[in-house]
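Participant: Sequence first, predicted model second:
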Amino acid sequence: MKTIYFMRHTQSEANLNDILASRQEAALIIARFKDIARLDRIFCSPLTRARQTAQPIAEVFGLNAETDERLTEQDPGVFSGMTYAEPAALSRA
């Protein structure tokens, strides 16, 4: 049976505490993950930050990160750049 893991670059504990952090934190997480998981393929969005997250993981597992346009985040169209409250306010106007 195949297992699928989804990973997303998120805000780190260091970021939450206004501490500058390096990729060393990510390297530790990847090293721990390698001890418990087996990966055959890695897919990511073609967006830069997604590729930057996937590449170190791929290197540790000896794989290539494959990009797939279908993994690109959604496009909110004219609402792009607005806060979540702004479109709601427009709908009430």
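Facilitator: Arrived safely, thanks for sending. Residues are numbered from 1 along each chain as shown.
Participant: so who does residue 67 touch?
Facilitator: With contact set as C-beta atoms under 8 Å, 6 or more residues apart in numbering, residue 67 has these partners: 43-46, 50-51. For the C-beta atoms, the positions are set from N, CA and C on the backbone; glycine is no exception.
Participant: Swap in 7 Å and give it another go.
Facilitator: Each residue near residue 67 by C-beta atoms under 7 Å, 6 or more residues apart in numbering is listed here: 44-46, 51.
Participant: Out of those, who's the most crowded?
Facilitator: Within the contacts of residue 67, neighbour counts (other C-beta atoms under 10 Å) peak at residue 44, which reaches 22 neighbours.
Participant: ok so residue 28 is a strand residue?
Facilitator: No: Residue 28: not assigned to a strand; according to DSSP: H, G, I helix; E, B strand; the rest coil it is helix.
Participant: how deep is it tucked in, by neighbour count?
Facilitator: Using other C-beta under 10 Å, residue 28 has 10 neighbouring residues.
Participant: Low-confidence bits of the protein, can you list those?
Facilitator: 9-15, 18-26, 93 (pLDDT under 70).
Participant: can you redo the contacts of residue 67 as CSV with secondary structure and distance to residue 65?
Facilitator: Output for the contacts of residue 67, formatted as CSV (DSSP: H, G, I helix; E, B strand; the rest coil; distance: C-beta to C-beta, whole Å):
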residue, secondary structure, distance to residue 65
44, strand, 5
45, coil, 10
46, coil, 10
51, helix, 6
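Participant: Turn those residues into TSV, including distance to residue 1.
Facilitator: Conversion of the contacts of residue 67 to TSV gives the following (distance: C-beta to C-beta, whole Å):
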residue	distance to residue 1
44	23
45	26
46	29
51	29
